[in-house]
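Peer 1: sequence plus predicted model, see below.
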Amino acid sequence: EEQTPIKSTAADNDANIDDDDNINDDDNEEESKLSPFETEMLSMAVPDEPTTTGPNIAKVQLRMPNGKRLIRKFCGDSPVKVIYAFVAQLESNIEDTKAGKSYELKAKYPPVDLMPFVEDSIMS
């Protein structure tokens, strides 16, 4: 069973300031900052974690921006974007995601951004 380390990093976004130089905390305004991809990740159904092990199960280690590490299994045939959806929907990240705070998923050494591979299978 191969474990794939993936690093999740959050990038700070600037405060949303309107023309009057007032900080705008309107929730609808924040939700409109989401890209179509982020909106898709928040609404995408993340499959349950497989309970078995085998050649088609990918064990993925995520290092979160706070330094915590999470290990989760995914079906190897699932697209990489399932991992993005999993990270976006984590209870500890969901408010940041809804607020438009971006994150990156990287794998391998040297780290490679996984965004170009979101439609590829996790095992590819």
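Peer 2: Structure's in. What do you need?

Peer 1: so where is this structure shaky, pLDDT-wise?
Peer 2: Scanning the chain for pLDDT under 70 picks out 1-32.

Peer 1: buried residues in stretch 60-70?
Peer 2: For stretch 60-70, a neighbour-count test (16 or more other Cβ atoms under 10 Å) marks Val60, Leu62, Met64, Pro65 as buried. Just so you know, the C-beta spots here come from the backbone N, C-alpha and C atoms, and that holds for glycine as well.

Peer 1: could you say which helix or strand holds the first one?
Peer 2: With elements delineated by DSSP states H and E, Val60 resides in strand 57-63, which encompasses its position.

Peer 1: tell me the angle of the following helix or strand past that strand relative to strand 57-63?
Peer 2: Next along the chain after strand 57-63, taking DSSP H and E as the criterion, comes strand 69-75. Inter-element angle recorded for strand 69-75 and strand 57-63: 160 degrees (by axes from the mean of the first three to the mean of the last three Cα atoms, to 10 degrees).

Peer 1: give the buried residues for strand 69-75.
Peer 2: So for strand 69-75, counting by 16+ other Cβ under 10 Å, buried means Lys73, Phe74, Cys75.

Peer 1: contacts for whatever helix or strand comes next after it next, please.
Peer 2: Moving toward the C-terminus from strand 69-75, the next helix or strand (DSSP H and E) is helix 81-89. With contact meaning Cβ atoms under 8 Å, 6 or more residues apart in numbering, helix 81-89 is reached by 6, 8, 37-38, 40-42, 44, 46-47, 60, 62, 72, 74, 93-94, 97, 103, 105, 114, 118-119, 122.
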